[in-house]
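> Turn this into a structure:
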Amino acid sequence: MPYNGQRVYELAKEFHCSEDELIDFLKKSGVYFDNRWSVVSENTYYYAQRYFLGVPIPTSKNKSQEKPKPAPPATKPEPPVPQSKPSVSKLTEQISKPALPNLNYREILKKFDATEIKKSPIKYFDAVLNVTDELLNILQDYEAAQSETIAECLKITLKLNVKYLDNPNLAPEENSLLAERQKFLAQRLELGTDEPKRKILLVKVQAENFFAELDAINGRDDSIRELAELQAEPRAGFELLVENLSRIILNAQRKVNFFAAHKDLVSKVVEAQLAWSDNYKVFKTSLREELSATCRNESIDAEIFDEWYEDWQQKRFTIEQRFLPLIKFALDGHFQKAIYNILESLQGYRDSVDKFYLHERKNIYQKFAFQVGGDLQEKFETESELYKLAEKFQRDLQTIIFSCDKTEERIFLLKWSEPLLNLPINAISSFIHDKNLDAISEEVLTQFAALKQQNFTTYLADNKAYGEAIQRRGQEYNALIFRMRKDLYKS
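This next block holds a predicted model:
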């Protein structure tokens, strides 16, 4: 018979031998295959045909029309070169290049008769086995071609693969945040093909299970009814299945190609993740103790310290929450070199908030400690100083925003920074609500809430107009704080 992509079990029938005999022969010959449904190579087919049937290996292009010649009975054919990997198509050769491969699932679909596949679940799952074998081969070859790149990335991300252990000094939501950050980066920067192979193998196993069930049905009394049920079982369209499996491979290859083109970025991101996580743990231990020691030395009550640290912690956690969205956006191919400046600005803002609570917070407290209603005035003064830090951060971002050519990146930075820029406004709003301050007029509260609604995206096309908008917002904030303090003083 001519070679038509036969499987192991089909060859056993053709060669009039048992499957065990054929499998034993293939293993001794060093031929790669997974199981009885594996498709054998053309070379292996003719080699096995000669061994079991004595048919010589064709040498012309039209192998199927060449007349068989009797083989010398005492001479065994030379075994084929052992295949450490299955043979692959021209698609694989393209994919093994470092550049982003052009894996077109439509080219794969051309090899199959979609009309016939729709008619028969047997043909459907037979085609699934063929496709999964081919795609697994493509992955295997790609991984071998990119082994150095994958190994290099593994060295950089090695610490990310260590299981995150909850820190007893952190609250559950804080541990969750740091664990989620580490998990995302570990998965995003995992360049091996184990996970895509696993997903493809899951599909292959389903096809193998179908044939196993088919064999079982054939041995039962009500096989016709059970075949009808098997035929009626829902399954994805073959075109969708192939497209989805191809997408799994492309996603894995895009990760490798991204790392190859952005090694410095990946290295910096991993370093930043580890440094930020360590810094937050220091904030929860050493910096907390430092603020506590300052309060004790200045005879500030423990209740006051607890209030300060809780306030500091809320702001610190909000800053920490901004790290992962920024990294996700950058690893999607945005910002390029600007990411370093953004991280530096975010870190500068974080450190300035730490410095305020450690070294300046007590001075504001001591200024109003012995005044009537001093706790209210103290809060407004505190948030005014913190607003200055947020405004400086916004101006740092302004330089970065207008260095970005893409509007998408500019809008992202505005939306991304909003929770940080609104921290002082939110703190004042919550304070007024909690204290039930009737002395603050409804008009002032309305104007204060309107500050959060100001839309900076309207100024994205003009650097000067954006800077003027920042300045106006700061003036309005300070004017409203002054009116609030004045109302409280009168009351």
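
> residue nearest the centroid of the protein?
For the chain, the residue nearest the mean C-alpha position is R188 (3.8 Å; CA atoms, centre = their mean).

> what's the closest non-adjacent residue to that residue?
L331 (5.8 Å; CB to CB, 6 or more residues apart in numbering). Just so you know, the C-beta spots here come from the backbone N, C-alpha and C atoms, and that holds for glycine as well.

> got a pLDDT number for that neighbour?
Listed pLDDT for L331 reads 92.

> cool, F335 as well?
Here, the pLDDT recorded for F335 equals 86.

> Please list all residues in contact with the spatially closest residue to it that is not a sequence neighbour.
Spatial nearest neighbour of F335, excluding adjacent residues (CB to CB, 6+ apart): E409 at 6.2 Å. By CB atoms under 8 Å, 6 or more residues apart in numbering, the contact list for E409 reads 334-335, 338.

> Ok, F317 next?
If you count contacts by CB under 8 Å, 6+ apart, F317 has them with 173-174, 177.

> Any of these buried? List them.
174, 177 (16 or more other CB atoms under 10 Å).

> Columns secondary structure on top of the contacts of F317, output as CSV?
As requested, the contacts of F317 are exported to CSV (DSSP: H, G, I helix; E, B strand; the rest coil):
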residue, secondary structure
E173, helix
E174, helix
L177, helix
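
> quick check, nearest of the contacts of F317 to E10?
Of all the contacts of F317, L177 has the smallest distance to E10: 55.3 Å, by CB to CB.

> So for the strand or helix carrying W312, mean pLDDT?
Using DSSP states H and E, W312 maps to helix 302-321. Across helix 302-321, the average pLDDT comes to 95.

> one step back: can I get the contacts of F317 in TSV including pLDDT and distance to L135?
Below are those laid out as TSV (pLDDT from 0 to 100; distance: CB to CB, whole Å):
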residue	pLDDT	distance to L135
E173	97	41
E174	97	42
L177	97	37
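
> Turn the contacts of F317 into CSV, including distance to K199.
Output for the contacts of F317, formatted as CSV (distance: CB to CB, whole Å):
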residue, distance to K199
E173, 32
E174, 33
L177, 28
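
> Got the confidence number for the residue nearest to the centre of the chain?
91.

> Surely it touches A330?
No - the criterion here is CB atoms under 8 Å, and R188 misses it with A330 at 10.8 Å.

> re the thing from before, for the residue nearest to R188, what are its contacts?
188, 258, 265, 269 are the contacts of L331 under CB under 8 Å, 6+ apart.

> Just the buried residues out of those residues, in PyMOL syntax.
Buried residues within the contacts of L331, by 16+ other CB under 10 Å, are selected in PyMOL with:
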select buried, resi 188+258+265+269
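
> where in the chain is pLDDT low?
Along the chain, segments meeting pLDDT under 70 span 1-5, 30-35, 37, 55-102, 435-442, 445, 488-491.

> what domains does the record give for it?
Following automatic domain parsing, one finds the domains of the chain at 1-84, 90-146+191-259, 262-490.

> where do the helices sit along the stretch 201-350 of the chain?
For the stretch 201-350 of the chain, applying DSSP state H, counting those that start in this stretch gives helices covering 223-232, 238-261, 263-282, 288-297, 302-321, 323-331, 338-355.

> Next, the angle helix 263-282 makes with the shortest one.
Angle, helix 323-331 to helix 263-282, by axes from the mean of the first three to the mean of the last three CA atoms, to 10 degrees: 180 degrees.

> Hey, what's the angle from helix 323-331 to helix 338-355? Just curious.
Going by the same axes, to 10 degrees, helix 323-331 makes 170 degrees with helix 338-355.

> One more: the longest one?
What separates the directions of helix 238-261 and helix 338-355 is an angle of 70 degrees, with the same axes, to 10 degrees.

> How about the fourth one?
For helix 288-297 against helix 338-355, the angle between stretch directions is 30 degrees (the same axes, to 10 degrees).

> tell me which strands and helices helix 288-297 is in contact with?
helix 302-321, helix 361-368 (3 or more CB pairs under 8 Å, 6 or more residues apart in numbering; DSSP states H and E).

> Tabulate those (JSON lines), appending distance to E148.
JSON lines is the format used below for the helices and strands packed on helix 288-297 (distance: least, CB to CB, whole Å):
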{"stretch": "helix 302-321", "distance to E148": "35"}
{"stretch": "helix 361-368", "distance to E148": "52"}
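
> Can you say which of these is nearest to Y459?
Going by CB to CB, the one of the helices and strands packed on helix 288-297 nearest Y459 is helix 302-321, 24.2 Å.
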